[in-house]
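Colleague: Structure for this input, please:
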Amino acid sequence: MLNSVRLTLLLCAAFACSKAAAETVMYVTNYGPYPNGSVVTVDPTVGTVAPWLPSSVQSPGAIAVDASGNVYCANNASGNVTKITPSGSSSTLFASSFSGPSGLAFDAVGNLFVSNYYSSQIDKVAPDGTRTTFASGLGGPYMPAFDASGDLYVPSWTNQSIMKVTPAGVTSTYATGFNRPYAVAFDATGAMFVADYSANSIVKVTNGGATLTTFATGFSGPSGIAFDTAGNLFVADLVSNTIQKVTPGGTQSTFATGFNQPIGIALSLSSAVPEIDPAGMGSVLALATGALGLLERRRLKAA
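Modeller: Prediction:
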């Protein structure tokens, strides 16, 4: 009896000092070969590419992941946005009712914002499915991103600028001087980076949008961009069919190959798994040892 109690206490001690650990997953959309594109996963550490679970996604472009791990893909040609659950089942949001969906972004409370390239507007889709027009007159919007304040920054392809949209939907020009901006992303410090497709470069935007600095160059059609937790920037390089990696210091390298017109890229945490925290083992095991000692004294007294 006592041995089983000891085992139970030690197991409880081990789990009490565990912490949640989660692996990061990189999702990349292959637009080609049209119309039979695909979504693949990439190991964010070594760059190994693997097919993802089957879905009905057709030539996906922009991609985003919600807080529950559901993946959303935009199909510019068919006009729909597809939702894919972590298990691989898929469903279509508002089939064929978007006007060239070309960008996706979630705000802090789970609303999905969809760029409509042809109508030059952003649609807002609430978690309950309610859809409204959030902003218009954006000049061919592509892949937007939210900053920490909740403002949405939208690359305007035709206006060659970055547009700012407040939570109330008020639109203004934030930065100009680009050559076909495609995507916006923010690093952990809040700095803005823009994939400038036709300039084949990544541009850092500072000073409230007034200063543009070339952060990295030499790409071949940079499209979607995303940061990992270490501050590395990953770039979907459409023409070279690669994913490029740029370190915080600006060093660029080819991270993964074997794609077919990669456009969208997103990083997401997978489901958490228990991981033992060595730092907490001492105190918890001391409590377990004390409890075992008390049980032992009671056993001897009863004997």
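Colleague: Look at residue 132 and say how many residues are nearby.
Modeller: When neighbours are counted by other C-beta atoms under 10 Å, residue 132 registers 10. Yep, even glycine has a C-beta here, placed from its N, CA and C like the rest.
Colleague: ok so it is a helix residue?
Modeller: No. Residue 132 sits outside any helix when classified using DSSP: H, G, I helix; E, B strand; the rest coil, being strand.
Colleague: I'd like the numbering to begin with 11 instead of 1 from here.
Modeller: With the count now opening at 11, the last piece we talked about shows up as residue 142.
Colleague: Is the closest residue to it other than its chain neighbours within a helix or a strand, and which one?
Modeller: Closest residue to residue 142 apart from its sequence neighbours, by C-beta to C-beta, 6 or more residues apart in numbering: residue 134 at 5.2 Å. Taking DSSP states H and E as the definition, residue 134 sits inside strand 131-135.
Colleague: List the neighbouring strands of that strand plus their orientation.
Modeller: Paired strands of strand 131-135, with direction, are strand 122-126 (antiparallel), strand 141-145 (antiparallel) (DSSP bridges).
Colleague: Can you list the neighbours in contact with that strand?
Modeller: With contact meaning C-beta atoms under 8 Å, 6 or more residues apart in numbering, strand 131-135 is reached by 103-104, 108-109, 121-126, 141-148, 151, 154, 162, 164, 175.
Colleague: which ones are touching residue 232?
Modeller: Residue 232 makes contact with 192-193, 205-207, 210-212, 245-248, 254 under the criterion C-beta under 8 Å, 6+ apart.
Colleague: go on, residue 174?
Modeller: 161, 162, 163, 164, 181, 182, 183, 184, 219.
Colleague: who are the neighbours in contact with the fourth one?
Modeller: When you say that, I think you mean residue 164. By C-beta under 8 Å, 6+ apart, the contact set of residue 164 is 113, 125, 132, 145, 148, 151-152, 154, 172-175, 194.
Colleague: Where does it fall, secondary structure wise?
Modeller: strand 162-166.
Colleague: The very next helix or strand once past that strand: partners in the sheet, and parallel or antiparallel?
Modeller: Next helix or strand after strand 162-166 toward the C-terminus (DSSP H and E): strand 171-175. Strand pairing for strand 171-175, using DSSP bridges, gives strand 162-166 (antiparallel), strand 181-186 (antiparallel).
Colleague: my read: residue 106 touches residue 86, true?
Modeller: No. Residue 106 is not in contact with residue 86 according to C-beta atoms under 8 Å; the separation is 12.0 Å.
Colleague: neighbour count winner among those two?
Modeller: residue 86 (23 against 9).
Colleague: Which pLDDT value belongs to the more buried one?
Modeller: At residue 86 the predicted local confidence, pLDDT, stands at 82.
Colleague: okay, now residue 179: neighbour count?
Modeller: 14.
Colleague: give me phi/psi at it?
Modeller: phi 90, psi 10 (degrees, to the nearest 10).
Colleague: what's the distance between it and residue 233?
Modeller: Residue 179 is 26 Å from residue 233, where distance means C-beta to C-beta, to the nearest Å.
Colleague: cool, and residue 199?
Modeller: Distance from residue 199 to residue 233, by C-beta to C-beta: 23 Å.
Colleague: and those two? which has more neighbours close in?
Modeller: More crowded of residue 199 and residue 233, by other C-beta under 10 Å: residue 233, with 25 against 7.
Colleague: so who does that one touch?
Modeller: Contacts of residue 233 by C-beta under 8 Å, 6+ apart are 153, 192-193, 205, 207, 245-248, 272-275.
Colleague: Kindly state the domain boundaries assigned to the protein.
Modeller: As recorded under automatic domain parsing, the domains making up the chain are 14-23+291-312, 35-279.
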